[in-house]
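1. Quick one, fold the following:
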Amino acid sequence: MVLSKRITIQTACIFFMLFSCISVFAQQPADFVNPFIGTSNYGAAFPGPIAPRGMASISPFNVAGPQNRPLEKDSQWLSNPYVNENTFLTGFSQVNLSGVGCPELGVLLLMPTTGAVQINHLSYGSTYSNEVAKAAYYSVDIDKYKIKAEFTASKRVGVSKFTFPKGESNVLLNLGLGLTNEEGAMVKVVSPTEIEGMRSVGSFCYNSPEDAYPVYFVAKFSKPAAKFGVWKKPSKYEGAEAQWMTYNGKARMMENTIKTVVGDSIGTYFSYKFDKEETVEVKIGVSYVSIANARENLEKETGNKSFDAVYKETYNEWNEELSKILVEGGSKDDKTIFYTALYHTLIHPNTLNDYNGEYPEIKRSKIGKTEGTRYTVFSLWDTYRNLHQLMSLAYPQQQSDMVKSMLEMYDENGWLPKWELNSTETFTMVGDPASIVIADTYLKGIRDFDVQKAYKAMLKGADQVENNPLRPGLKEYIEKGYLSTNNRGPVSTTQEYNASDYSISLLAKALGKKEDAERFKNRSLSYKKLYDKDLRLLRPRTADGKWYEPFDPVSGANFEENVGFIEGNAWQYAFMVPHDINGLKKLMGGDKAFSAQLQKVFDIKQFDMANEPDIAYPYLFNYIKGEEWKSQELVKKLVKEYFQNKPKGLPGNDDTGTMSAWLVYSMMGIYPISPGDPVYTITTPMFDKVTIKLDPKYYKKESIVIEKEINTDGKINAIQLDGKALNSYFISHEDLVNGKTLKVIQK
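-> Okay, here's the model as predicted:
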């Protein structure tokens with residue numbers, strides 16, 4: 001009897017262990033995504049659902065109203081519709097941006113309520129609880145009304161499901177409230193189950209207000225409303241005429257009307273009276289072309305599909321995309337921060353074209369049409385450094401379509417994009433980053449685009465001295481080799497032009513254009529004219545060539561405005577010449593002086609993990625023989641300190657996936673150290689095994705595996721490619737993708 005019991009217990013233990021193993025293996029990459037990461041610490045991510053590269057997205061909107069201060073949209077600069085610390089919800093926006101530094105979109109706010117209809121968001125807003133967020137799904141309980149709200153999305157359609165208690169219930173669609181102060185909307189109730197309309201958006205970073213544009217929508221409800229209506233809250237007028245206006249400044253409630261209503265503060269309500277708990281599903285298709293296209297997007301993508309069916313499809317799509325990189329080993333938190341970062345890199349650039357291929361061309365003078373994907377949201381000052389390189393490696397078809405989208409923008413606008421958003425060129429930030437991305441893509445073997453057109457576009461941006469929106473001050477740069485203090489951020493902008501010129505020289509060489517290759521290579525080295533050998537830093541010069549005085553190398557930290565640099569200071573830009581690190585070493589007096597100055601950036605706490613100019617610095621010790629271990633230690637330390645499985649688990653603004661791309665590369669153990677150069681530098685992988693699936697359309701091998709072999713948790717002792725010693729901490733893209741296994745061996 002005792003023996004029998006013991007066998008039963010042992011059997012139970014074995015079954016438990018087997019079940020545990022099966023559960024672990026059953027967990028898919030998409031299951032590790034935690035969309036709450038980056039929703040605090042100004043990460044500017046949102047926790048709601050979106051499909052990979054989706055046009056539509058849903059975010060809880062909790063940045064309006066004094067209840068949310070200090071992180072409230074009108075009392076400080078906020079570029080996100082949701083902040084994890086906030087507690088007061090005023091709806092769910094249907095189009096949003098992820099990880100950007102300026103407010104835009106965050107409109108079409110859907111909000112379920114109960115009782116009498118209220119139209120002021122400060123009155124109908126509510127606290128909330130029990131938030132759940134995962135890939136393709138978000139849910140929350142709305143405390144005031146005891147409503148459970150659930151959300152998912154297809155590429156161009158947001159799908160909401162509201163579970164109402166017994167009694168009077170409403171679904172409000174507020175077109176007045178939004179993340180920015182852009183105004184203007186139109187709405188029409190088509191039937192008791194359908195609404196159509198548009199909302200004006202634009203003025204990114206509050207510039208170019210004349211370039212505001214419409215986002216069109218169609219909303220369909222699963223249950224017909226018992227009653228419906230439109231509201232309009234007009235402005236209040238003063239003066240003699242106003243005395244005759246008994247309705248001056250008062251909200252107008254227009255019940256059961258199907259007329260078109262236009263205005264600034266307008267919205268609709270659909271009301272129900274339920275005898276028991278009921279659910280209502282709302283599908284909202286969006287388009288930047290027309291209401292008809294929004295309706296077609298809705299019908300073609302979601303049709304009569306249930307909420308659960310849409311969720312399952314989008315979850316599977318996420319899982320397929322995230323499975324392009326499979327990791328083994330590491331903790332659950334490691335996998336969570338890794339796959340959430342990869343998830344964030346697959347949001348922007350996102351889809352602009354409708355289901356039928358139509359999209360608004362830049363300047364919106366006509367409607368274009370594509371057979372592939374027209375991408376938008378090119379935050380290139382950020383993403384040229386690592387995100388596009390990641391796309392070229394793991395998602396080359398997407399990267400190819402992104403380059404084709406850039407070339408279409410050149411056809412439409414006469415210039416390559418700088419910071420393009422929904423077919424509006426914002427010309428935000430500095431430099432000429434599209435040239436770097438295109439050259440990098442071509443040199444990685446992705447060549448199914450018109451490279452001659454691309455090269456012509458790159459030369460225009462690099463050589464046209466008059467009326468050049470990509471490179472202000474180009475005439476001075478060409479004549480002197482640098483921008484003087486007559487220009488904004490002259491040192492860092494010179495460095496950006498240098499980086500673009502270097503990439504142009506690489507592409508020119510690959511295309512057999514020897515004279516251009518030499519010319520642009522020489523231009524790329526002109527940063528040396530701004531090098532102050534006494535400070536061992538780059539320093540601004542005045543128009544007459546003298547050093548700018550007074551000069552404080554620390555001024556500019558924490559995004560403070562300063563004379564020499566854009567979003568940074570002399571320390572944070574000191575090594576931002578990735579294309580000529582060996583030249584910079586020589587300038588500084590050799591390896592020892594270079595290493596000391598690089599170490600000083602970290603010692604005096606001038607390294608900024610939250611900003612782009614210096615994010616490659618931890619890897620630069622790989623250029624100094626015998627000091628590569630410093631890169632290994634630094635990268636590991638920074639990952640642990642700044643990237644965590646919690647809302648504040650990003651170092652700051654994700655910059656449309658750039659910070660997340662840094663994390664993905666860092667955990668894999670490689671990094672694209674010099675944008676434009678098809679080369680990676682190597683450090684310690686943070687997983688036992690990383691398998692990167694390769695697209696057979698672009699690469700010969702099925703996959704490349706990065707393995708870590710540990711004897712002790714120490715420094716890298718050897719690096720092997722397919723069993724052969726790699727006597728370097730650098731590997732070319734060609735060697736990597738044509739290999740089978742990159743093994744990193746620690747002592």
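2. what's downstream of the helix or strand bottoming out on mean pLDDT in the chain, the next helix or strand?
-> Taking mean pLDDT, DSSP states H and E as the measure, the chain has helix 2-26 as its least confident helix or strand, at a mean of 47. Helices and strands here follow DSSP states H and E; after helix 2-26, the next one along the chain is strand 59-60.
3. Parallel or antiparallel, which strands does that next one pair with?
-> Here the strand partners of strand 59-60, with direction, are listed using DSSP bridges: strand 92-93 (antiparallel).
4. And the next helix or strand past the strand it pairs with?
-> If you walk from strand 92-93 toward the C-terminus, the next helix or strand you reach (DSSP H and E) is strand 109-114.
5. packing partners for that next one?
-> Judged by 3 or more Cβ pairs under 8 Å, 6 or more residues apart in numbering; DSSP states H and E, strand 109-114 is in contact with strand 92-93, helix 121-124, strand 147-153, strand 157-164, strand 167-174, strand 278-287. For the C-beta atoms, the positions are set from N, CA and C on the backbone; glycine is no exception.
6. what comes into contact with that strand?
-> Strand 109-114 is touched from outside by 61, 90-94, 121, 124-125, 142, 144-147, 149, 160, 162, 164-165, 167-175, 177-178, 219, 280, 282, 284, with contacts defined as Cβ atoms under 8 Å, 6 or more residues apart in numbering.
7. OK, contacts around the residue nearest to Glu183 when sequence neighbours are not counted?
-> By the measure of Cβ to Cβ, 6 or more residues apart in numbering, the closest residue to Glu183 outside its immediate chain neighbours is Asp264, 4.2 Å from it. The neighbourhood of Asp264, defined by Cβ under 8 Å, 6+ apart, consists of Gly176, Glu183, Gly184, Ala185, Ser235.
8. Of the residues you listed, which is the most crowded?
-> When neighbours are counted as other Cβ atoms under 10 Å, the busiest of the contacts of Asp264 turns out to be Ala185, with 26 neighbours.
9. ok, the most centrally placed residue in the chain - contacts?
-> Nearest to the mean C-alpha position of the chain, counting by Cα atoms, centre = their mean, stands Thr656 at 1.7 Å. Contacts of Thr656 were listed using Cβ under 8 Å, 6+ apart, and they are Leu97, Ser98, Gly99, Val100, Ile347, His348, Pro349, Val377, Ser379, Asp382, Thr383, Leu387.
10. Alpha carbons only: can I get stretch 637-647 in CSV?
-> This file holds the C-alpha atoms of stretch 637-647, laid out as CSV (Å, rounded to 0.1, in the frame of the first residue of the first chain):
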residue,chain,number,x,y,z
LYS,A,637,24.7,46.9,-17.3
LEU,A,638,22.6,49.3,-19.5
VAL,A,639,20.1,46.6,-20.5
LYS,A,640,19.6,45.7,-16.8
GLU,A,641,19.3,49.3,-15.7
TYR,A,642,17.1,50.8,-18.4
PHE,A,643,15.1,48.0,-20.0
GLN,A,644,12.7,46.3,-17.6
ASN,A,645,9.4,44.4,-17.5
LYS,A,646,7.5,47.4,-16.1
PRO,A,647,5.7,50.5,-17.4
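11. List the buried residues for it?
-> Leu638, Val639, Tyr642, Phe643, Asn645, Lys646, Pro647 (16 or more other Cβ atoms under 10 Å).
12. Redo the residues you listed as TSV? Include distance to Val33.
-> Written out in TSV, the entries for these read as follows (distance: Cβ to Cβ, whole Å):
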residue	distance to Val33
Leu638	22
Val639	18
Tyr642	19
Phe643	14
Asn645	11
Lys646	14
Pro647	14
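13. Among the contacts of Asp264, which ones are in helices?
-> Under the assignment DSSP state H, the contacts of Asp264 contribute nothing to helices.
14. Spatially nearest residue to Lys521, not counting backbone neighbours?
-> Here the residue nearest Lys521, using Cβ to Cβ, 6+ apart, is Ser505, at 4.1 Å.
15. Confirm that Leu535 lies within a strand, as I assumed.
-> No: judged by DSSP: H, G, I helix; E, B strand; the rest coil, Leu535 forms no part of a strand; its state is coil.
16. my read: it touches Pro553, true?
-> Yes: distance between Leu535 and Pro553: 6.5 Å, which falls inside the contact criterion (Cβ atoms under 8 Å).
17. Between those two, which has more neighbouring residues?
-> Of the pair Leu535 and Pro553, Pro553 is the one with more neighbours under other Cβ under 10 Å, namely 23 against 14.
18. nearest spatial neighbour of that one, skipping sequence neighbours?
-> Ala570 (3.8 Å).
19. same question, Pro70
-> Nearest residue to Pro70 in three dimensions, chain neighbours excluded: Gln76, at 6.2 Å (Cβ to Cβ, 6+ apart).
20. follow-up on the earlier one: need the contacts of Thr656 in JSON lines with distance to Pro214, pLDDT and neighbour count, can you?
-> As requested, the contacts of Thr656 are exported to JSON lines (distance: Cβ to Cβ, whole Å; pLDDT from 0 to 100; neighbours: other Cβ atoms under 10 Å):
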{"residue": "Leu97", "distance to Pro214": "17", "pLDDT": "97", "neighbour count": "29"}
{"residue": "Ser98", "distance to Pro214": "21", "pLDDT": "97", "neighbour count": "25"}
{"residue": "Gly99", "distance to Pro214": "24", "pLDDT": "97", "neighbour count": "28"}
{"residue": "Val100", "distance to Pro214": "20", "pLDDT": "95", "neighbour count": "25"}
{"residue": "Ile347", "distance to Pro214": "22", "pLDDT": "98", "neighbour count": "24"}
{"residue": "His348", "distance to Pro214": "21", "pLDDT": "98", "neighbour count": "26"}
{"residue": "Pro349", "distance to Pro214": "21", "pLDDT": "98", "neighbour count": "30"}
{"residue": "Val377", "distance to Pro214": "17", "pLDDT": "97", "neighbour count": "23"}
{"residue": "Ser379", "distance to Pro214": "22", "pLDDT": "97", "neighbour count": "29"}
{"residue": "Asp382", "distance to Pro214": "27", "pLDDT": "96", "neighbour count": "27"}
{"residue": "Thr383", "distance to Pro214": "27", "pLDDT": "97", "neighbour count": "28"}
{"residue": "Leu387", "distance to Pro214": "29", "pLDDT": "98", "neighbour count": "29"}
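21. Among the residues you listed, which one lies nearest to Gly197?
-> In terms of Cβ to Cβ, no member of the contacts of Thr656 lies closer to Gly197 than Leu97, at 21.0 Å.
22. Look up how far Gln398 lies from the closest one.
-> Taking Cβ to Cβ, to the nearest Å as the criterion, Leu97 is separated from Gln398 by 18 Å.
23. same deal with Gly368?
-> In this structure, Gly368 and Gln398 are separated by 19 Å, where distance is defined by Cβ to Cβ.
24. List the buried residues of stretch 285-304.
-> Neighbour counts over stretch 285-304 (16+ other Cβ under 10 Å) mark 285-291, 293-299, 301-302 as buried.
25. Now the element after the helix or strand where Glu518 lies, going C-ward?
-> Taking DSSP H and E as the criterion, Glu518 maps to helix 514-523. Next helix or strand after helix 514-523 toward the C-terminus (DSSP H and E): strand 531-532.
26. Adjacent strands (with direction) for whatever helix or strand comes next after that following strand?
-> Counting by DSSP H and E, the next helix or strand C-terminal to strand 531-532 is strand 537-538. Strand pairing for strand 537-538, using DSSP bridges, gives strand 531-532 (antiparallel).
27. Any stretches of this protein with poor pLDDT?
-> Counting by pLDDT under 70, the low-confidence segments of the chain come to 1-25, 711, 713.
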